[in-house]
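1. model the structure of this input:
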Amino acid sequence: MLNRSLSSSNLHDLLSMEVALKPSDGDAINIKVHLLCSHSSVFKDMLTIPSSTTDKTEEETTIELDIIEADLKIIFDMMNGGEDFEKVEPIQLYSLIDLCDKYDMDGLRDRLLIRVTRHVPYDPWRAFCLASHYDIPILAVAAIRQFGLHEKTQQITLWNFPPLLCSETEPRYLSSLIHGLYSQTDHRRPKDLFSVRGFESVSQSFSARLNEIRSI
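-> Model (predicted):
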């Protein structure tokens, strides 16, 4: 714990305080406490500041985290207003989103979610699940349009709908997707697979149905 008061006499010291965060695969990295706490409610609770005053020099505080160094550096850069996250690959982007959720860094997470729209083709189902979890209809529609181009989703039909997928999405989005599949299915030929154009139609039906549900 960090023992500092918020009195004017040590406000300058407070703004200068640092904490060392150690990733699982590298050396500890120092960061300003006030910067860390302003972006994460988890760290804000962890690094509490009691009301008692003290003139003693604080010992360095090191917190070990289950985070790889590459992800931690991107998060630090974002906290300082940087845009290195714009260059990350899709797999790291999803890792960073999970990291932001874990430490309640909602503002940083929202910036990362905007980036997901550029990586929908990499894993459209993952993008659809994120859209469902954070209620982003436009991302869900973009994901559905890519279903026919990805091996994980190109064979999804009402007759071939993996049960596991049902547990990964929010009910409104799942029911709207099923509605979209049903509305675009030739029920006389249940073995047919959807073409890319078919998924475009599914996305339109999905969007219309989701809007109906959201307006209730």
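2. all the strands of the protein, in order from the start?
-> With DSSP state E as the criterion, the chain has strands at 18-22, 29-32, 62-64.
3. could you dump the first one to PDB, C-alpha only?
-> Translated: strand 18-22. Taking Å, rounded to 0.1, in the frame of the first residue of the first chain, the C-alpha atoms of strand 18-22 are listed here in PDB:
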ATOM      1  CA  GLU A  18       5.500   5.800  -9.100                       C
ATOM      2  CA  VAL A  19       4.800   2.200  -8.800                       C
ATOM      3  CA  ALA A  20       6.600  -0.600 -10.500                       C
ATOM      4  CA  LEU A  21       4.500  -3.200 -12.500                       C
ATOM      5  CA  LYS A  22       6.300  -6.400 -13.300                       C
END
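4. packing partners of it?
-> When contacts are defined as 3 or more CB pairs under 8 Å, 6 or more residues apart in numbering; DSSP states H and E, strand 18-22 packs onto strand 29-32, helix 33-39, strand 62-64. Backbone N, C-alpha and C define where each C-beta goes, glycine included.
5. identify each buried residue in it, please.
-> Glu18, Val19, Leu21, Lys22 (16 or more other CB atoms under 10 Å).
6. by contact count, what packs against the longest helix seen in the chain?
-> Ranked by residue count and defined by DSSP state H, the top helix of the chain is helix 196-215. When contacts are defined as 3+ CB pairs under 8 Å, 6+ apart, helix 196-215 sits against helix 137-145, helix 171-183.
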